[in-house]
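[1] Okay, here's the prediction I keep looking at, along with the sequence it came from:
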Amino acid sequence: MTTDRTTRAGEEQATLRRLHARLVAEAQADGLLDVTYRVVDSPVGRLLVAAGETGVLRVAFEVQGHAAALDDLAARVGPRVLEGGTRLDPVLRELDEYFAGRRRTFDVPVDLRLTRGFRRDVVAALTAVPYGATASYRQVATATGRPAAVRAVGTACALNPVPLLLPCHRVVRSDGSPGRYAGGEAAKRTLIGLERAGADPLATGPAEA
């Protein structure tokens, strides 16, 4: 009897997954889906990755609160938020390649509607810091035309809606120490270490762009 109940439960769960996948696909095809998201494992913990029709909107670390991130997306982008679908396949594939050391830059489009003004200028400029390298908050402030806005750069990095894709982990203190990070200092050290190893030609070979 226990085996039969387990089998039936498994079949019901599989049916629910199929129905949910169909719902997401139909909503996306009909233009009725504001945000789709998935939660995936990574070397820096579980990540919530969310996208709209024009690009990736949000990458959130577990320590930031995935439920809070979804509530924010529903309030600021649209209430039609569903888990799953194929919209996120490209970014999840690129994240897998990045964590495996096979990718140095991301090609997927991002949607920066969740940040504005100087903060948006800062996060948009982060890709200028090369893979495997770091820049100080002051250097980033100077590059964005406001050399005195060091604290504002720190705030922009902390509120970056798409970390990893726009690499705020490469921005460090003037003394070279990592400093704070939305995903936690341990996550920041992990990412910097991963990139430095990948940038080393003597490590595991060249990474793909």
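    It's in. Keep in mind it's a predicted model, so treat the numbers as computed, not measured.
[2] list the contacts for the most centrally placed residue in the chain?
    Among the residues of the chain, Val59 comes closest to the average C-alpha position under CA atoms, centre = their mean, at 3.0 Å. The contact partners of Val59, taken as CB atoms under 8 Å, 6 or more residues apart in numbering, are 47-50, 161-165. Where you see a C-beta, it was placed from the backbone N, CA and C, and this is true even at glycine.
[3] at 6 Å what do you get?
    47, 49, 162-164 (CB atoms under 6 Å, 6 or more residues apart in numbering).
[4] Name the nearest of those residues relative to Ala141.
    Nearest to Ala141 among those: Pro163, at 18.6 Å, using CB to CB.
[5] Ramachandran angles for that closest one?
    Dihedral pair for Pro163: phi -60, psi 160, per degrees, to the nearest 10.
[6] Leu191 versus that one, what's the distance?
    In this view, Pro163 and Leu191 are 9 Å apart by CB to CB, to the nearest Å.
[7] which of these two has more neighbours?
    Pro163 (27 against 23; other CB atoms under 10 Å).
[8] for this structure, what spans make up the strands?
    Using DSSP state E, the strands found in the chain span residues 35-40, 47-51, 56-61, 81-83, 135-136, 171-172.
[9] Which residues does the second one contact?
    Contacts with strand 47-51, where a contact means CB under 6 Å, 6+ apart, come from 35, 37-40, 57-60, 66, 69, 73, 87-88.
[10] Show me which of those residues are buried.
    35, 37-38, 57-60, 66, 69, 73, 87-88 (16 or more other CB atoms under 10 Å).
[11] Now the two most distant members of these.
    Farthest pair in these, by CB to CB: His66 and Arg87, 17.7 Å.
[12] for the protein, which spans come out with low pLDDT?
    Scanning the chain for pLDDT under 70 picks out 1-32, 200-209.
[13] Span of stretch 113-133 from start to end?
    Stretch 113-133 has an end-to-end distance of 27 Å (criterion: CA to CA, to the nearest Å).
[14] can you pull the buried residues of it?
    114-115, 118-123, 125-126, 129, 131-132.
[15] Can I get the residues you listed in TSV including distance to Thr105?
    Shown next, in TSV, are the buried residues of stretch 113-133 (distance: CB to CB, whole Å):
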residue	distance to Thr105
Leu114	22
Thr115	20
Phe118	24
Arg119	22
Arg120	20
Asp121	20
Val122	18
Val123	15
Ala125	14
Leu126	12
Val129	11
Tyr131	7
Gly132	12
